[in-house]
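Asker: Everything below, folded, please.
(chains A and B)
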2 protein chains.
Amino acid sequence: MGKITTLLLSASDVNLLMQNYGIDRLMDDLIFRLIKEFENFNTTDTVIPIRSGFNYSTEHVGLIEWMPVYKKGEEVVIKVVGYHPNNPDKFNLPTILSTISCYDTKTGHLKGLADGVLLTALRTGAASAVASKYLAHPQSSTLGLIGCGAQSITQLHAISRLFPIKKVLIYDIDIEAVKSFDNRISLLGLDIEILPTEIVDILSESDIVCTETSVNVGEGPLFTEYKNKPHLHINAIGSDFPGKIELPLALLKESFVCPDFIEQAKKEGECQQLTDDEIDSDLYTVIQNYHKFNHLKDELTVFDSTGWALEDQVVMDLFLDLANEFKIGKEVSLENISSDVKNPYHFLYHSVIV
Amino acid sequence: MGKITTLLLSASDVNLLMQNYGIDRLMDDLIFRLIKEFENFNTTDTVIPIRSGFNYSTEHVGLIEWMPVYKKGEEVVIKVVGYHPNNPDKFNLPTILSTISCYDTKTGHLKGLADGVLLTALRTGAASAVASKYLAHPQSSTLGLIGCGAQSITQLHAISRLFPIKKVLIYDIDIEAVKSFDNRISLLGLDIEILPTEIVDILSESDIVCTETSVNVGEGPLFTEYKNKPHLHINAIGSDFPGKIELPLALLKESFVCPDFIEQAKKEGECQQLTDDEIDSDLYTVIQNYHKFNHLKDELTVFDSTGWALEDQVVMDLFLDLANEFKIGKEVSLENISSDVKNPYHFLYHSVIV
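Answerer: Next comes the predicted model:
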């Protein structure tokens, strides 16, 4: 029997890869690969079911779900992600815990397994940057961030790679998150002004806004009154669960609404609030027909980002490629490859004979 | 932030555990735990969706599927299993490659990850032994094995732990598999007579029969004519895919048919051939009401074993427990636990400051 190994990328491996490669270069590569993937996406070669999972409102409220994607003749990538909002307070752990697995469709072999926490934050930022590239005003220089947690860092990072951001208007219900924001983004090395701002002013002054809050089910939207710049583009990140919404219906109805994955967004995203004919085009359709949608850069647009398995595949492939290039990670023999394919107890013989 | 680790049980770890603990003791524990789990199973505390996956008939024919199970307030176990029938010939790899993951539902943390190849073979054997305990004649001494591949070893092993097996009648379309069978089971240390036998005679002479073939979709059943002992119990293992069947409809109609998981068996098992009213009771119902079903031990019965996620959870828990007891396996920090929950790039600060 052949010996096959799984490339394991631990938390410290993915961190080391980012340090070695450089976070800007890595984000640029990720955005580039994501655009290529959206440009070439079709439902014949790539199959993406709506994610499913278990959610529970027991003592420890939470959700564990799996997000599979199948790229014909190449690989299956499955991200398993846990969302447990009480983790920080109760267990000193992040809300999102995740790992990503990549399987070879020739044999079913698990080729790689990696941390999905950092990779999810990266690909969510990159997806917003891509949506903004096609929907936001090209001279966007003021970015609004509603919610200043972990996701806001990668949103800012990714968007700053494509736009000449000069001013960042920030808001969070947690004043500590607002206070620590400067310090948290200092290593991005951006030449920007950061201003704590009320939501109503963020909407009227920003060219691009990202919403990435942990608003509870049934407690949205985050605001009701607003007066926006005519060309405002919003990346709505936080809505990713039935009943969880961030934006008011009136704003959505005024906007060109572009979900990452229509069927999923209707179940879990801002699109829950809309009828089918109020939802415009998904992101890959916009990208594949960008000339038709160019006028949107002067209008009000919303990217309804629920998190798409295709993005997980792209970021996983990037890290596996980098790991091979930098020889980072650990090869382990996880699957039992018997020396005799017809004998699951083969190892007993070895231990006797050898 | 707290540090959390994932217990990794590689192929050699699970093999070492079996050697250290002893294969008979391990199989006995597995059968015992499986019975307890079936006795206590209810759909309120344990949620098991039908498995789903990607199957493809491209250049490399195959299937990758995920089998999740949620035990309320405790854990989620997900087995990912690949079935690629050309693996042995083309890649010198087993047909089934698999890993099993176990998540803590308090936090979503990946507690453990283990080889699923050996564990699947073990739990499939154990499930047949459990079904036989409740459906086969207690004095069963002749076991028929139709199909002599990897699964036949664990079927024999498990069933021999509960029944006084003296004679094993074996059949395989691959004559090499028949020839090598004696040698492959020698380490089980059984005092049995092994006789290559035609299918028709296996059915008329055996008390218990296991079918575990790789019959192709559309090419079943394995036989049409038969004359069985009045109290024959059959464990039908091989049928686990739409269109794949091993047993003739006439035999099923004569039998008490007991699937592991009715909804799945109707899609992938022998039950594909039956109408709803021709399917009798699932295994846990039989076990929970064993007094009502005791008469079946003198009749013709079929266990339609498609592979149930509950069995994966039981075998995974057993191995995680043993790994902790024997201090076998490797703890890895897979998920990125930031020292600052609000900063996914935390590691950059460490590398500068430290």
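
Asker: now for the helix or strand containing residue A:14, which elements pack on it?
Answerer: Element membership for residue A:14, per DSSP states H and E: helix A:11-21. Helices and strands touching helix A:11-21, by 3 or more Cβ pairs under 8 Å, 6 or more residues apart in numbering or on different chains; DSSP states H and E, are strand A:110-115, helix A:117-135, helix A:309-326, helix B:346-353. Any C-beta I mention is one placed from the backbone N, CA and C, and that applies to glycine too.

Asker: of all those, which lies closest to residue A:48?
Answerer: Each of those has some distance to residue A:48 by Cβ to Cβ; the shortest is helix A:309-326, at 5.1 Å.

Asker: I would like the C-alpha coordinates for that closest one, written out in PDB, please.
Answerer: Output of helix A:309-326 as PDB, limited to C-alpha atoms (Å, rounded to 0.1, in the frame of the first residue of the first chain):
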ATOM      1  CA  ALA A 309     -17.900  28.000   0.800                       C
ATOM      2  CA  LEU A 310     -16.100  29.000  -2.500                       C
ATOM      3  CA  GLU A 311     -14.200  31.600  -0.500                       C
ATOM      4  CA  ASP A 312     -13.100  28.900   2.000                       C
ATOM      5  CA  GLN A 313     -11.800  26.800  -0.800                       C
ATOM      6  CA  VAL A 314      -9.800  29.700  -2.300                       C
ATOM      7  CA  VAL A 315      -8.200  30.700   1.000                       C
ATOM      8  CA  MET A 316      -7.500  27.000   1.800                       C
ATOM      9  CA  ASP A 317      -5.800  26.400  -1.500                       C
ATOM     10  CA  LEU A 318      -3.700  29.600  -1.100                       C
ATOM     11  CA  PHE A 319      -2.400  28.500   2.400                       C
ATOM     12  CA  LEU A 320      -1.700  24.900   1.200                       C
ATOM     13  CA  ASP A 321       0.200  26.300  -1.800                       C
ATOM     14  CA  LEU A 322       2.200  28.700   0.500                       C
ATOM     15  CA  ALA A 323       2.800  25.900   3.000                       C
ATOM     16  CA  ASN A 324       4.400  23.800   0.300                       C
ATOM     17  CA  GLU A 325       6.400  26.700  -0.900                       C
ATOM     18  CA  PHE A 326       7.700  27.600   2.500                       C
END
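
Asker: Can you point out the buried residues in that helix?
Answerer: Within helix A:309-326, the residues that qualify as buried are A:309-320, A:322-323, counting by 16 or more other Cβ atoms under 10 Å in any protein chain shown.

Asker: just stretch A:167-186 next, same as before
Answerer: A:167, A:168, A:169, A:170, A:171, A:172, A:177, A:178, A:180, A:181, A:184, A:185.

Asker: what's the model's confidence in the helix or strand hosting residue A:155, averaged?
Answerer: Secondary-structure assignment from DSSP H and E places residue A:155 in helix A:150-162. Helix A:150-162 carries an average pLDDT of 97.

Asker: and it with helix A:117-135, angle?
Answerer: 50 degrees (axes from the mean of the first three to the mean of the last three Cα atoms, to 10 degrees).

Asker: List the contacts of helix A:150-162.
Answerer: Identification of contacts with helix A:150-162 by Cβ atoms under 8 Å, 6 or more residues apart in numbering or on different chains yields A:23-24, A:27-28, A:30-31, A:94, A:121-122, A:124-126, A:128-129, A:132-133, A:143, A:145, A:165, A:168, A:170, A:181, A:184-185, A:188, A:190, A:192, A:208, A:210, A:212, A:235, A:237, B:338, B:341-345.

Asker: Of those residues, just the buried ones, ChimeraX syntax please.
Answerer: Buried residues within the contacts of helix A:150-162, by 16+ other Cβ under 10 Å, are selected in ChimeraX with:
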select /A:23,27,28,30,31,94,121,122,124,125,126,128,129,132,133,143,145,165,168,170,181,184,185,188,192,208,210,212,235,237 /B:338,341,342,343,344,345
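
Asker: Of the contacts of helix A:150-162, which belong to strands?
Answerer: A:143, A:145, A:168, A:170, A:208, A:210, A:235 (DSSP state E).

Asker: So chain A: which segments form each domain?
Answerer: A:6-118+A:310-353, A:125-307 (automatic domain parsing).

Asker: Tell me how far the last one lies from the chain's centre.
Answerer: Pointing back at domain A:125-307 there. Distance of domain A:125-307 from its chain centroid, counting by Cα atoms, centre = their mean, to the nearest Å, is 13 Å.

Asker: got it, and the first one?
Answerer: Mean-position distance between domain A:6-118+A:310-353 and its chain equals 14 Å (Cα atoms, centre = their mean).

Asker: Understood, closing this out.
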